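J.: Okay, here's the prediction I keep looking at, along with the sequence it came from:
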Amino acid sequence: MNVFYLPAEQIFGEVGELPEDEARHAIQVLRYREGDEIRCIDGQGGCYEGVVSRAAKKQLQLKITAQTTEEPVQHPVTLAMGYIRQKQRLEFAVEKMVELGVDHISIFHGDHSEPGKVRNDRMEGVIKAASKQSGRSRFPSFASFNSLDDFLSASDSERLIAAHEKVSDEKKQDKFEREQSLSAVVGPEGGLSDREVDLIKENQGELISLGERRLRAETAVIALAVLLK
């Protein structure tokens, strides 16, 4: 069943009304009609089952028949990735972070990042679409930073790790237990600079290996997200 985004502020008792873009897609593309069953998420942990009660050209209302709530995780995982200029690769990485269960997603401009601007609205759109596709009723949060320094200053995680290609493969781990909040860092296309590596160490961070092969930035994100899942 398709999943639609239903913001909490557009729920009135047992009645919900989809945003215009969601309603247009449901009605004009997927051909939803009155009486059809529909499933929605609000991005804040709420999941709703319902029946379409009104289907106009740009308006879809539903009668909510069941609701469940996904509670926040006790030990959240934050994954920060160095900015890469190629939009498709950056959005691919963000999409996979969502699908693999990362709780907080950050993009920072690393010392080796190419010049460019992170479009927060575009990233949030990717997160929403990936959350709907993967059935996540609680959307990951997103933030962008001008530097790794700024990201680390804002982080309140209990543990910090960073993937680095020069670390011995002996430091490769099969999995990280979610026993405390954790921030993980992946560098941009050119990797982390020596200054950034020193900065991570100064913040009591641990450098880890993702294996013997050198990975592209978005591949490293996926590999690390799997370890943190």
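T.: Cool, got the structure.

J.: Ramachandran coordinates for the residue positioned nearest the centre of the chain?
T.: By C-alpha atoms, centre = their mean, the chain has its centre lying nearest to Val98, at 3.7 Å. Backbone torsions of Val98, given as degrees, to the nearest 10, read phi -60, psi -50.

J.: longest single helix anywhere in this structure?
T.: Under DSSP state H, the helix in the chain containing the largest number of residues is helix 120-134.

J.: Please work out the average pLDDT along it.
T.: The pLDDT scores in helix 120-134 average 94.

J.: gap between the residue nearest to the centre of the chain and Gly135?
T.: Distance, Val98 to Gly135, by C-beta to C-beta, to the nearest Å: 11 Å. The C-beta positions use only the backbone N, C-alpha and C, and glycine is treated the same way.

J.: and the residue nearest to the centre of the chain, what does it touch?
T.: Counting by C-beta atoms under 8 Å, 6 or more residues apart in numbering, Val98 touches 105, 126-127, 130-131, 134, 136, 139-140.

J.: How about Val77?
T.: Contacts for Val77 (C-beta under 8 Å, 6+ apart) come out as 101-104, 178, 181-184, 228.

J.: re the thing from before, look up the closest residue to the residue nearest to the centre of the chain, ignoring the ones flanking it.
T.: Sequence neighbours aside, Ala130 is the residue nearest to Val98 in space, at 3.8 Å (criterion: C-beta to C-beta, 6 or more residues apart in numbering).

J.: what's the burial count for that neighbour?
T.: 20 (other C-beta atoms under 10 Å).

J.: Would you quantify the distance from it to Asn2?
T.: 14 Å.

J.: ok, now Asp194?
T.: 48 Å.

J.: Domains of the chain: list them as residue ranges, please.
T.: Split into domains by automatic domain parsing, the chain comes to 3-69, 77-228.

J.: Do me a favour and get the end-to-end distance for the last one?
T.: According to C-alpha to C-alpha, to the nearest Å, domain 77-228 extends 7 Å from its N-terminal end residue to its C-terminal end residue.

J.: residue boundaries of the helices in this protein?
T.: Using DSSP H, the helices of the chain run over residues 20-24, 87-99, 120-134, 148-154, 194-202, 217-228.

J.: Tell me which of these is the most buried.
T.: helix 217-228 (a mean of 21; mean count of other C-beta atoms under 10 Å).

J.: looking just at contacts, which helices and strands does that helix meet?
T.: When contacts are defined as 3 or more C-beta pairs under 8 Å, 6 or more residues apart in numbering; DSSP states H and E, helix 217-228 sits against strand 77-82, helix 87-99, strand 159-163, strand 182-186.
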